[in-house]
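> what's the 3D shape of this:
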Amino acid sequence: MSTPPLAGAGMPPGAFSGTQAQAAREVNTASLCRIGQETVQDIVFRTMEIFQLLRNMQLPNGVTYHTGTYQDRLGKLQEHLRQLSILFRKLRLVYDKCNENCAGLDPVPIEQLIPYVEEDGSKHDDRSAASQLRFASEERREIMEVNKKLKQKNQQLKQIMDQLRNLIWDINAMLAMRN
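Next up is the predicted model:
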């Protein structure tokens, strides 16, 4: 790994600093995104801890409780809320800085970001249409089979419910005869 040349060694003073600033800006934006992701994970973790504390916290509704435990949990809850607000401020700063760094970039259409190899259009379209048709017919056949099985299961459940209804009727009739 070589060290970058100094500004006075055959290069104009601003030539290297511009490329270095550009590289630092790209790395900085990527690292900011990583920091933002970690901050979001911290926010989720802290929020889960807050809900855990709230679930375990007893409310002072006249029932005897330990004041020390309540005060300790209340202090923890307030500390988590304070840290959560700090994390949200940090996330806002990261967001603003990323937007500032990306403001001068031209938006690239999503279609250009997906690499693909284009073949002869007619052959590709025919194969594509045939495969889509085959896939659709297989999917339709599977749906028909599932519907058939579902109707069978529904019929079985109906028979079971009828049998249970008759059994309950018979039991109730026997109980009424006994009394």
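> how about the closest residue to residue 102 other than its chain neighbours, what does it touch?
Counting by CB to CB, 6 or more residues apart in numbering, residue 102 lies nearest to residue 29, which is 6.7 Å off, once chain neighbours are set aside. From N, CA and C alone the C-beta is placed, and that goes for glycine too. Applying CB atoms under 8 Å, 6 or more residues apart in numbering to residue 29 gives the contacts 98, 101, 102.
> Tell me how the protein divides into domains.
25-104, 137-178 (the TED database).
> Would you single out the least confident of those?
The minimum mean pLDDT among the domains of the chain belongs to domain 25-104 (a mean of 84).
> distance between it and the chain's centre?
18 Å (CA atoms, centre = their mean, to the nearest Å).
> thinking again about what came up before, winner for burial among the domains of the chain?
Among the domains of the chain, domain 25-104 has the highest mean neighbour count (mean count of other CB atoms under 10 Å), at a mean of 13.
> Do a quick rundown of the helices in the protein.
13-56, 67-102, 110-113, 121-178 (DSSP state H).
> and the longest one, how far from the chain's centre?
Meaning helix 121-178. That offset, for helix 121-178, works out to 33 Å (CA atoms, centre = their mean).
> for that helix, packing partners?
Taking 3 or more CB pairs under 8 Å, 6 or more residues apart in numbering; DSSP states H and E as contact, there are no helices or strands that helix 121-178 lies on.
> Pull up the gap between the residue nearest to residue 102 and residue 146, please.
49 Å (CB to CB, to the nearest Å).
> now residue 93
From residue 93 to residue 146 the distance is 52 Å (CB to CB).
> what's the answer for residue 72, then?
Look at residue 72 and residue 146: by CB to CB, they are 56 Å apart.
> now swap in residue 42 and tell me
For residue 42, the distance to residue 146 - CB to CB - is 44 Å.
> cool, residue 75 as well?
Going from residue 75 to residue 146 by CB to CB gives 56 Å.
> Same check on residue 128?
According to CB to CB, residue 128 stands 27 Å off from residue 146.
> swap in residue 30?
Taking CB to CB, one finds residue 30 at 47 Å from residue 146.
> One more: residue 166?
Distance from residue 166 to residue 146, by CB to CB: 31 Å.
> contacting residues around stretch 72-84?
If you take CB under 8 Å, 6+ apart as the criterion, stretch 72-84 is touched by 43, 46, 47, 49, 50, 53, 54, 56, 57.
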